[in-house]
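J.: got a sequence here, can you build the structure:
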Amino acid sequence: MLVIGLALVVFTGALFGSIGVLLRPTMPGLAPPASGAASWGNYTPFMPNASPNDPGATVRPTAPSAEQTDASGDQIRGVAIVEAMLSVTEGSAGTGMVIGDSGIVLTNYHVVQGTNGTINVTIASTGSTYSAKVLGHDKANDVALLSLNGASGLPTVKIDADGVRAGDQVTSVGNTDGRRKIMAAPGEVLSTNESILTRDEGSTATNQLSGVYETSSRAMHGDSGGPTYDSQTEVIGLTTAGSADDGSQFATAYVVPIARALDIANKISRNEPSGTVQMGP
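T.: Numbering: from 1, shown residues only. The predicted model follows:
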């Protein structure tokens with residue numbers, strides 16, 4: 001049962017969608033739509049050279065969910081803002097996490113899929129921006145590994161090793177709505193073994209994700225690829241998809257387990273493509 005929308009699929013009465021944000025950059029010759037004109041739908045205009053947390057970084061103000069707050073210093077550590085150009089006029093924005101201090105970043109594949117080769121990654125805690133390339137990806141599991149050009153000594157996220165159980169308190173952190181400000185959405189683990197069907201906006205292709213966590217965190221567009229933390233601010237997985245009954249605000253989030261994502265990242269780092277793991281973009 002499929003519907004067209006912002007990466008939405010109807011499944012057991014809910015709407016599922018990857019939590020990415022499509023962007024139209026502000027650049028010469030591309031003006032925002034005039035008042036009263038047809039909108040760009042779910043596109044978020046942005047200024048490519050604006051710094052993180054710059055109030056001028058986005059043209060369209062969008063208030064975060066009431067359940068979201070500014071991320072703390074500990075929650076921001078190792079978090080990255082990922083912006084990938086798909087064409088001259090369109091791009092995508094999401095989130096990533098630094099897993100190697102030399103500039104190795106984990107994110108969702110749908111954040112960088114179809115890039116024209118231009119990917120910029122900003123380290124949230126420092127504001128430093130680097131060009132990046134896709135080292136490899138696993139489309140089936142929606143995981144991609146990036147390498148930042150010229151990066152060194154970067155802060156990294158902490159990885160959970162305790163395991164995940166239903167009822168655990170968690171927090172999803174990300175580049176909410178592509179506004180270049182890191183927000184946090186608390187919740188709890190509802191299930192540790194869900195299967196969902198996702199579809200990106202404007203696409204007929206679907207992707208089945210199995211064995212993902214379901215949480216009550218109200219993650220939003222732009223949080224894709226960001227960390228979902230446990231109560232100790234250790235990463236349990238990548239925030240990947242969301243569901244909402246009314247299609248407006250995500251009520252639950254779906255998370256790719258960090259152990260699976262790191263296994264994929266290790267295969268890519270060793271240049272060992274296998275099965276669904278492929279090298280390059």
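
J.: shouldn't residue 189 be within a strand?
T.: Yes - looking at residue 189 with DSSP: H, G, I helix; E, B strand; the rest coil, it is inside a strand.

J.: I'd assumed residue 123 was in contact with residue 101.
T.: No - in this structure residue 101 lies outside contact range of residue 123 using Cβ atoms under 8 Å: 10.9 Å. In this view, the C-beta of every residue, glycine as well, is placed from N, C-alpha and C.

J.: which neighbours do the two share?
T.: When contacts are counted by Cβ atoms under 8 Å, 6 or more residues apart in numbering, residue 101 and residue 123 have 154, 155 as shared neighbours.

J.: which one of these two has more residues nearby?
T.: residue 123 (24 against 13; other Cβ atoms under 10 Å).

J.: for the more buried one, list the residues it contacts.
T.: Counting by Cβ under 8 Å, 6+ apart, residue 123 touches 79, 80, 98, 129, 130, 154, 155.

J.: now residue 106
T.: 96, 97, 99, 143, 144, 145, 146, 225, 238, 261, 262, 265.

J.: so it versus residue 209, what's the distance?
T.: 16 Å (Cβ to Cβ, to the nearest Å).

J.: tell me the bridge partners for residue 147.
T.: Residue 147 has these beta-bridge partners by DSSP bridges: residue 104, residue 133.

J.: ok, now residue 189?
T.: With DSSP bridges as the criterion, residue 189 is bridged to residue 215.

J.: residues near it, how many?
T.: 21.

J.: next: the one 3 residues further on.
T.: For residue 192, the neighbour count with other Cβ under 10 Å is 18.

J.: on that earlier part again, so of the contacts of residue 106, which ones are in helices?
T.: 261, 262, 265 (DSSP state H).

J.: related to what we said a few turns ago, farthest pair in the contacts of residue 123?
T.: 129 and 155 (15.0 Å; Cβ to Cβ).

J.: when these two are compared, which one has more neighbours?
T.: Between residue 129 and residue 155, counting by other Cβ under 10 Å, residue 129 is the more crowded of the two (18 against 15).

J.: beta partners for the more buried one?
T.: On the basis of DSSP bridges, residue 129 is bridged to residue 122.

J.: quick check: residue 254 vs residue 215, distance?
T.: Distance from residue 254 to residue 215, by Cβ to Cβ: 8 Å.

J.: closest to residue 242 among the ones in helices among the contacts of residue 106?
T.: Of these, the one sitting nearest to residue 242 (Cβ to Cβ) turns out to be residue 261, at 17.7 Å.

J.: count of neighbours near the nearest residue in space to that closest one that is not next to it in sequence?
T.: Nearest residue to residue 261 in three dimensions, chain neighbours excluded: residue 143, at 5.0 Å (Cβ to Cβ, 6 or more residues apart in numbering). The local packing of residue 143 (other Cβ under 10 Å) involves 27 other residues.

J.: separation between residue 104 and residue 164?
T.: Separation of residue 104 from residue 164 (Cβ to Cβ): 23 Å.
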